[in-house]
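> Got a predicted structure here, sequence first:
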Amino acid sequence: MLTTLTIISVFMEIFAAGILAAGAVTFLKDFISLKKLKDLAFSLVFLSLFVYVASTIASQMMFNFGRPLSELILVHKTISTSILLSVLFVWGFIVERFELKKVRLSYPLVLLMVAFFIYQVYGANLNLVYRAGVIEPIVSFSLWVPVTRLFSLSWIILATFSFINAFRNSGGKRVLAIFLGASSVIMLAALFCSFLYLQLGAAEYLLISWILILISSLGFLLSEVIPVDSEDAKRPLHFFRTRVLFKLILIFVLLIVILFETTTLATINISKSALSKAIINSYQRVAQELALEVESFPETPDIEQLQQFVSQVKIDGKGMAFIIDSSGKLVAHPDKKRAIQRERMVENGAVKRLLANRSGGGEYKDEFGDMMVGAYEPIRKFGWGVVVQEPIGSAYYDLRHLETNSLLFVIIGIIMTSLVGIFFARSIERPIKGLTEGTDAVAKGDLKRQVTVDSVDEIGRLSVAFNKMTQDLRDSQERLILSEKLASLGTMAAGMAHEIKNPLVSVRTFTQLLQLKWEDKAFREKFSRIVPQEIERINRIAESLLKFGRPSKPELTKADINALLDEVLLLFESECKKNNVRVTKKLAELPTVPGDPGQLQQVFVNLIKNAIEAMSEKGGELTIKTDIGEVMKLGKMNRQGKIKDGQVVWGEEEDLGKPLPVVFVEITDTGEGIPEENIKSLFDPFFTTKMTGTGMGLPITLRIIEEHKGSLKVRSQPEKGTTFLLTLPQKLSS
């Protein structure tokens, strides 16, 4: 029968099998999506270890069921094969994980070696050695098939490479490499505990071994699942707290499995205790009846009579009865030769208790050291004793069947519960993950993101509310964009009133004097030269205002950056004079870039307007520079704002590529600068330090630059000024 510790070990094996199966599926998915051989190799490592654990559970159940020897040998050959295959896959993982390109040539050699050993395993004669305290037979191979040694060597090599890799790296890479190496060491410790269990037969070592394998499997999973550049890489155990799925699985599966385990342990122990007592009581009744029948003889019975008497005692299975005298020698035994030789039985546990003048029943070792179940009763009339006993294996055969069937049903229940729990956990985690991704997208300014609604529960209603919220925010943003434009128009209109009035006065004066001085040739020449210029100036200002104020979706055409800057500076010419701002232009000869002229003009209006307002109190200098160049990286906008080399960068370059030709636009003011506590919030929607601002000018600017596949950098120093550096590609990549 299985002890309580052994049953707990079986549950640990089930947990380990579940982790290994999950790891095999996880890394297989990674291989399918990323096409990395290391993921395929690690998936096969987890799969082979899963087969090893599952075969071990099957071997334990079959042994407890009393299955034929041939079936047990076949299962143990499967166990050995899975171990040898895991050696091959671990080696493949080491080569691919640590990029040992030259060592890839060893694949055929290692494969041939493992195949040869597997062939030897299936062709060799295996012996199963049964030992007390060990819940399954010990496999004895030919000595030259080093299955366990190869298995241990593979983990030693993996641990060595992992620790060397950890020493060469830092940060998250170092921590994950240490986790990988430590998990390999824990696997070696588990193998050592298994060795102690097979040598000593103590169930404690088996339990420790499976606990270590479970911990090692989790360590392997964490070391390769967590991205090396993530924050979780520095604290791998924190990874379990970052996913709702893990928490839900722990709730759905772990608690139910623990409930299964405790209920099963209690039920099996109660059943075992009751059945064991019933079996021992039946043996006691047989022993008592036999003792009474012997005492019923009027005088000392003949040896032949006693011999015939004990031979006729019928006990289920392989049970028997024998009689001893007061010195512990056989008087009668089913084996007549032993009775004739008057064999001493003092090493038998039941005989020892009879010699101590005790009666009863229980489990004990016989004279050969085998475990027995039986009863013993003194025959006081003649000073003898009777023993009724049966090998523990056959005596508890039905009990072992009950125990194994119970475990099998529990294992099936755990598997079904785990699958159902994972299904429901994922059904809950999926919409929550969608909401989280939608929230992140909205935080980055993507108000077009909608969350898929596939349920009618609280999460479904939350998804509907989220979609409505983003729709309302999108509508509000459009209105705020228009408000921002109108606010800018108002500011510019107030400053341009004087600029438009001056040419209008000139035109009105010339038209009033036209009839009086028509004959004056010099007047007519001056009129024909000045009036068209003033009207054209008014026309340019009006067109710029109309173009800026007209709401439109981005339509990428060829945009002349220098011309757009000239138009915007013309709009702000009066504002600059009013605030004592000097304008310095350093415009290089630029090619046209793909862009929406109206939206790019809005970008320049927002930035130049902010620069003029920053110098409104003391005046200053506004410098506009343009240039051409190349960049090595050009990626998506990063709206969080990272500080690099003393400057805040929006526009995180993510994708490495060939040098890309770009256009640079630099807008610098000598104003008050931006406080350090505000600089990271510049592009957050609705963030503003102005009394009348909407906080949407710079977010709109960033969105337009992002849509044009550009980047934006900000440098600012208090009391010295601020610089915005725009980068726009000369060509849009496919």
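Okay, I see it. Residues are numbered from 1 along each chain as shown.
> From residue 626, how far out is residue 566?
As judged by CB to CB, to the nearest Å, residue 566 and residue 626 stand 11 Å apart. (Glycine included, C-beta is placed from N, CA and C.)
> on contacts alone, who are the packing partners of the helix or strand hosting residue 409?
Following DSSP states H and E, the helix or strand that holds residue 409 is helix 397-443. With contacts defined as 3 or more CB pairs under 8 Å, 6 or more residues apart in numbering; DSSP states H and E, helix 397-443 has these neighbours: helix 4-34, helix 37-65, helix 244-249, helix 255-295, helix 458-514.
> Show me the one of these that comes nearest residue 720.
helix 458-514 (25.1 Å; CB to CB).
> Could you list the residues in contact with stretch 202-219?
Applying CB atoms under 8 Å, 6 or more residues apart in numbering, the external contacts of stretch 202-219 come out as 3, 5-6, 8-9, 12-13, 15-16, 19-20, 23, 46, 49, 53, 133, 135, 179-180, 182-184, 186-187, 189-191, 193-194, 196-197.
> Could you check how far it is from the centre of its chain?
In this view, stretch 202-219 has its centroid 22 Å away from the chain centroid, taken as CA atoms, centre = their mean, to the nearest Å.
> what does stretch 437-447 give?
Averaging C-alpha coordinates over stretch 437-447 and over its chain gives two centres that are 23 Å apart (CA atoms, centre = their mean).
> quick one: contacts for the closest residue to residue 664 other than its chain neighbours?
In this structure, residue 664 finds its nearest non-sequential neighbour in residue 627, 4.6 Å apart by CB to CB, 6 or more residues apart in numbering. For residue 627, the contact set (CB under 8 Å, 6+ apart) comprises 588, 663-664, 666.
> Look at residue 627 and tell me its secondary structure.
Here residue 627 is recorded as strand under DSSP: H, G, I helix; E, B strand; the rest coil.
> follow-up on the earlier one: could I have the buried ones of the contacts of stretch 202-219 as ChimeraX selection syntax?
Here is the ChimeraX command that selects the buried residues among these (16 or more other CB atoms under 10 Å):
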select :6,8,9,12,13,15,16,19,20,23,46,49,53,135,179,180,182,183,184,186,187,189,190,191,193,194,197
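> So for the residue minimising distance to the centre of the chain, what's the pLDDT?
A centroid search over the chain (CA atoms, centre = their mean) returns residue 225, at 5.0 Å, as the residue closest to the centre. Reported pLDDT at residue 225 in the predicted model: 86.
> I figured it hits residue 26, correct?
Yes - judged on CB atoms under 8 Å, residue 225 makes contact with residue 26 at a distance of 6.4 Å.
> And residue 348, its phi and psi?
Main-chain dihedrals, residue 348, degrees, to the nearest 10: phi -70, psi 130.
> list the contacts for the closest residue to it other than its chain neighbours?
The shortest distance from residue 348 to any residue that is not its chain neighbour, by CB to CB, 6+ apart, is 4.7 Å, and that residue is residue 367. The contact partners of residue 367, by CB under 8 Å, 6+ apart, come to 345, 347-348, 351.
> buried subset of those?
Looks like the contacts of residue 367 have 345, 348, 351 buried, using 16+ other CB under 10 Å.
> C-alpha coordinates for the helix or strand containing the last one, CSV please?
Right, residue 351. Mapping residue 351 onto the secondary structure by DSSP H and E places it in helix 349-355. As requested, the backbone C-alpha atoms of helix 349-355 are provided in CSV (Å, rounded to 0.1, in the frame of the first residue of the first chain):
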residue,chain,number,x,y,z
GLY,A,349,7.7,-10.9,14.4
ALA,A,350,4.6,-12.8,15.4
VAL,A,351,6.6,-15.6,17.0
LYS,A,352,8.5,-13.0,19.1
ARG,A,353,5.2,-11.6,20.4
LEU,A,354,4.0,-15.2,21.2
LEU,A,355,7.2,-15.9,23.1
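> Beyond it, next helix or strand please.
On the C-terminal side of helix 349-355, the closest following helix or strand by DSSP H and E is strand 360-365.
> Just list what that following strand packs against, helices and strands only.
Helices and strands touching strand 360-365, as assessed by 3+ CB pairs under 8 Å, 6+ apart, comprise helix 255-295, helix 349-355, strand 371-379.
> Give the other helices and strands that the first one contacts.
Using 3+ CB pairs under 8 Å, 6+ apart as the contact criterion, the neighbours of helix 255-295 among helices and strands are helix 4-34, helix 303-311, strand 320-324, strand 360-365, strand 371-379, strand 384-391, helix 397-443.
> one more time with 6 Å
Packed against helix 255-295 by the contact rule (3 or more CB pairs under 6 Å, 6 or more residues apart in numbering; DSSP states H and E) you find strand 360-365, strand 371-379, strand 384-391, helix 397-443.
> returning to that earlier point: quick one: secondary structure of the residue nearest to residue 348?
With three-state DSSP as the criterion, residue 367 reads coil.
> Going forward, the N-terminal residue is numbered 12.
Noted, 12 is the first residue going forward, which turns the last one into residue 378.
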